[in-house]
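Asker: output the structure for:
(chains A and B)
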Amino acid sequence: MSIVDVARENPTKYKLQVIDCDIHPAMTSWTEVHPFLEKRWIEHLSVYGSHLRHAFSEALTHPRMSPDAARVDAYPEEGGPPGSSLDLMQKQHLDPNGVELGMLIPLRWNPGSQRNLDFGVALTRAMNTWQVERWVKKEPRLRASVLVAQEDTDGAVAEIDARGGDPNFTQILILPRTDEPLGRRRYWPIFAAATRNNLPITIHVGGTGGHPSTGGGWSSYYIEEHHMVSQAMQAVLASLVLEGVFERYPKLRVVIMEGGLGWIPSFSARMDKHWNRMRSEVPHVTRPPSEIMREHVWFTTQPMEEPGSSAVLLDLFGRIGWDRLLFATDYPHWDFDDPRTAFKANLTESQRQQLLYGNARRFYGLDK
Amino acid sequence: MAGNRQVVGTDHPTRHKGAIDCDLHPAVPAMSVLLPYLDDYWREMVSVRALDRLNLGLTSYPQNAPLSCRPDWTLDGGRKPGSSLPAMQEHVLDRYQQRFGILNCLYGAQLFHSEDMAAAFCRATNDWIRDEWLSRDSRLRASIVITAQNTELAVAEIERRADDFRFVQVLMLVSGEMTLGRRQLWPIYQAAERLQLPIGVHAGSAYRHAPTAIGWPSYYVEDYIAQSAAFENQLLSMISEGVFAKIPNLKVVAIESGLTWLSGFVWRMDKTWKGVRVEVPWVTRPPSEIIRDHVRFTTQPIDAADEGEAILRLIDHLRSDELFLFSTDYPHWQFDGDAALPPGLSDTLSRKILSANAFATYPRLLKADHAMEIAL
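Answerer: Have a look, this model is predicted:
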């Protein structure tokens, strides 16, 4: 792997203040979780591996376009995959980019999609502890996410309740491609636990629910797969809103992470229009879906839209709601958004601050 | 209700005079009407298996769902909306003084798992449309219903209609067995290109897969909302697989797609393409350019609170006013009153959307006129 030196502006010249809502920590070796995993499951992992609705147990059937889907400059000199070295993460990202706070989003093993539910729950427990021990305790700027195995509702709820009082965790992480649409009733105890513990639910692209990526079958290419996560996010929101989840759990807050932004206004309008036409089917939804979304749903900004016009981008932010946008870099992935250049728009200083950290501070309750 | 509303200002039906309605839904009233067009074997099967007692109503369009029929377009006696030519004439063709209307028959013929059964019923449906609709109103044109799950049978059906220029398009559902760009389907697109037939991709699912990547939603309204995502996915597929590179004169018409998703779609797709185009080296141009050259969109429904403004925004974002084709989506309930084309558009733009864009998209539209003049 060749290491490319990226010329960066002198960090002192332009002082950044950033809350990065999407950082992917990795393991140097999978044995890193052994201290936190029961012997039975260590053996299970060695013998049977990861058991998903997927052709490869560890690899993706739409291989990414760069190794580990990563920036080529994110490989630690000491070895290990991008995102596995705290030292490099500090030097390359947290320090120069002025990251005041970074939310960890671990994606390894996809515990929520494991078909063996006991194994999935054990993995979430281990990886949650791993986040705290390996990262948060060593770097006060980082925060952990509560991974849950959502298909085992009881196991997921127990894990949320176990972590709820731990300030190292700021949110619950679920990947959108669940067994059933996330708003279905089997998942409601998770939403009850989330509100009970005052933790938002973050939905970051990914998961292997076994359903084709489109209602008309599987896509062939990564270029499709990379885009289709937006459509999956639409289905998640339609499900949450139209099942009446927010009516039932009025304090529930949801973050849609890495799902893109361009689709949000048209999708909101579409939901309103057809809800209005078919509302006799969903009498439990008593307000226009766009209103419900506006109140309960936030969106991270990466990968940033580039409509080619500052005015159009500003218009888009306005339609989504300026206060609903949370900045994210997706470090160390290839489509990383640099806080200096991500927004190809003429932002005022206060708009920039709002996007880079103001909204996130309020959202995660750090303003108190 | 809509039909009783006073006809004033921009809502006046004559504003649509000369329009080409690119999405009309004729309904097969009962399978019995298709019997004369089935061969002996299939007629016997209908009788032996009592196929004519099956209700082939689509899950994508429940007959009595509010979306499926506008209240003032229902028919007496519980007849299926869209099953009466005189009613269609009164409700849209005459009322809006349309020049042409394109019939997209959403009967279930193409949805059987048996390819042979599906092909027999598609053929019969097309024959029935020819005799009961096209031959009874010279303004009508139609899409060819095909079995997309079997390319050979689909191509045969397309070729069977080649000389009848009143068939102006090939009809496929947006969600079938495989993504629409897949190479197995290309013979259909090649036949369509050769015969100057756009591929009309209409909302609706064969339900071979869950309607969304996250599984089966609980409610019909979710299924319908997911249709616009299906259009995004299938356009992605067609562009990424290189359909338009390999079949350069192919036109695709997205029918009943909701429209406004298009802005976000091209932004994201252009950006992703810049990042990973090495995976699809045959995609040599930004996807937004490919869409401008090859894809058209019917105008109902328009997913926006401010429909006229929404069209202007789309034209600005897509940098083209040639993409949109007028439709009423009769008898589906997408708009009220006579505002089939939303207000606030200039006369020039209205003219383009109402007819000029459709003439450019459907080369066979006028050929049928010529053919009939010769026949006379």
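
Asker: return the residues in contact with residue 245.
Answerer: No chain was given, so I picked chain A. If you count contacts by Cβ atoms under 8 Å, 6 or more residues apart in numbering or on different chains, residue A:245 has them with A:183, A:188, A:191, A:252. Quick note: C-beta positions are derived from backbone N, CA and C, even for glycine.

Asker: oops, I was thinking of chain B
Answerer: Residues near residue B:245 by Cβ under 8 Å, 6+ apart: B:282, B:283, B:284.

Asker: does the second one sit in a helix, a strand or a coil?
Answerer: This means residue B:283. coil (DSSP: H, G, I helix; E, B strand; the rest coil).

Asker: and stretch A:314-329, how far apart are its ends?
Answerer: End-to-end distance for stretch A:314-329, by Cα to Cα, to the nearest Å: 19 Å.

Asker: revised request: answer the last question for stretch B:128-144.
Answerer: As for stretch B:128-144, its first-to-last residue distance stands at 11 Å under the measure Cα to Cα.

Asker: given the helix or strand in which residue A:298 is found, what are its sheet partners and their directions?
Answerer: Remark: residue A:298 resides in strand A:297-300, with elements defined by DSSP states H and E. When pairing is defined by DSSP bridges, strand A:297-300 lines up against strand A:254-257 (parallel), strand A:325-326 (parallel).

Asker: any idea of the mean pLDDT for that strand?
Answerer: Over the span of strand A:297-300, the pLDDT mean works out to 98.

Asker: dump the residue contacts of residue B:105.
Answerer: Listed by Cβ under 8 Å, 6+ apart, the contact partners of residue B:105 are B:25, B:26, B:27, B:28, B:125, B:129, B:142, B:143, B:145, B:171.

Asker: switch to 7 Å and redo it
Answerer: For residue B:105, the contacting residues are B:26, B:28, B:125, B:129, B:145, by Cβ atoms under 7 Å, 6 or more residues apart in numbering or on different chains.

Asker: swap in residue B:177?
Answerer: Going by Cβ under 7 Å, 6+ apart, residue B:177 touches A:217, B:149, B:206, B:208.

Asker: apply 10 Å and report the result again.
Answerer: Contacts for residue B:177 were tallied using Cβ atoms under 10 Å, 6 or more residues apart in numbering or on different chains; they are A:216, A:217, B:113, B:148, B:149, B:150, B:184, B:185, B:206, B:208, B:209.

Asker: so where do the helices sit in chain B?
Answerer: B:40-48, B:85-88, B:115-129, B:151-160, B:186-194, B:220-240, B:243-246, B:262-276, B:287-294, B:307-318, B:347-351, B:357-361, B:364-375 (DSSP state H).

Asker: highest average neighbour count across those helices?
Answerer: A comparison of those by mean neighbour count, using mean count of other Cβ atoms under 10 Å in any protein chain shown, puts helix B:220-240 on top with a mean of 27.

Asker: hmm, that one in reach of chain A?
Answerer: Yes - counting by Cβ under 10 Å from any Cβ of the partner chain, chain A has neighbours in helix B:220-240: B:220-237, B:239-240.

Asker: skipping its backbone neighbours, what lies nearest residue A:304 in space?
Answerer: Counting by Cβ to Cβ, 6 or more residues apart in numbering or on different chains, residue A:304 lies nearest to residue A:342, which is 4.6 Å off, once chain neighbours are set aside.

Asker: am I right that that neighbour is in contact with residue A:261?
Answerer: No - under the criterion of Cβ atoms under 10 Å, residue A:342 makes no contact with residue A:261, lying 11.6 Å away.

Asker: got CSV for the strands paired with strand A:297-300, with mean neighbour count too?
Answerer: Rendered in CSV, the data for the strands paired with strand A:297-300 read as follows (neighbours: other Cβ atoms under 10 Å in any protein chain shown):
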stretch, mean neighbour count
strand A:254-257, 27
strand A:325-326, 26
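
Asker: including mean pLDDT and distance to residue B:61, could these go into a markdown table?
Answerer: Formatted as a markdown table, these follow (pLDDT from 0 to 100; distance: least, Cβ to Cβ, whole Å):
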| stretch | mean pLDDT | distance to residue B:61 |
| --- | --- | --- |
| strand A:254-257 | 98 | 30 |
| strand A:325-326 | 98 | 37 |
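
Asker: and those as JSON lines, adding distance to residue A:48?
Answerer: Formatted as JSON lines, the entries for these read as follows, by distance: least, Cβ to Cβ, whole Å:
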{"stretch": "strand A:254-257", "distance to residue A:48": "30"}
{"stretch": "strand A:325-326", "distance to residue A:48": "38"}
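
Asker: for residue B:315, see how far away the residue in chain A that chain B sits nearest to is.
Answerer: For chain A, the nearest residue to chain B under the criterion Cβ to the nearest Cβ is residue A:262, separated by 2.6 Å. As judged by Cβ to Cβ, to the nearest Å, residue A:262 and residue B:315 stand 17 Å apart.

Asker: what residues does the stretch 1-150 of chain B have near chain A?
Answerer: Contact residues of the stretch 1-150 of chain B with respect to chain A, defined by Cβ under 10 Å from any Cβ, are listed as B:62, B:65, B:66, B:67, B:148.

Asker: for the residues you listed, work out which two are farthest apart.
Answerer: The most widely separated members of these, counting by Cβ to Cβ, are B:66 and B:148 (28.7 Å).

Asker: more neighbours: the two, which one.
Answerer: For residue B:66 versus residue B:148, neighbours defined as other Cβ atoms under 10 Å in any protein chain shown are more numerous around residue B:148 (25 against 18).

Asker: I'd guessed that one sits against residue B:170; true?
Answerer: Yes - using Cβ under 10 Å as the test, residue B:148 is close enough to residue B:170 to be in contact (9.2 Å).

Asker: touching both of these two, which residues are there?
Answerer: Common neighbours of residue B:148 and residue B:170 are listed as B:154, B:188, B:199 (criterion: Cβ under 10 Å, 6+ apart).

Asker: reformat these as JSON lines; add pLDDT and distance to chain A.
Answerer: Formatted as JSON lines, the shared contacts of residue B:148 and residue B:170 follow (pLDDT from 0 to 100; distance: Cβ to the nearest Cβ, whole Å):
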{"residue": "B:154", "pLDDT": "98", "distance to chain A": "16"}
{"residue": "B:188", "pLDDT": "98", "distance to chain A": "14"}
{"residue": "B:199", "pLDDT": "98", "distance to chain A": "14"}
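
Asker: circling back: so how far is the strand holding residue A:298 from its chain's centroid?
Answerer: The chain centroid and the centroid of strand A:297-300 are separated by 10 Å under Cα atoms, centre = their mean, to the nearest Å.

Asker: and for stretch A:305-316?
Answerer: With Cα atoms, centre = their mean as the basis, the mean position of stretch A:305-316 lies at 23 Å from the chain mean.

Asker: direction included, what does the lengthiest strand in chain B pair up with?
Answerer: With DSSP state E applied, the strand covering the greatest number of residues in chain B is identified as strand B:167-175. Based on DSSP bridges, the pairing partners of strand B:167-175 within the sheet are strand B:140-145 (parallel), strand B:199-205 (parallel).

Asker: may I see those strands organised as TSV, with mean neighbour count and distance to residue B:71 added?
Answerer: Listed next are these as TSV, based on neighbours: other Cβ atoms under 10 Å in any protein chain shown; distance: least, Cβ to Cβ, whole Å:
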stretch	mean neighbour count	distance to residue B:71
strand B:140-145	26	24
strand B:199-205	25	21
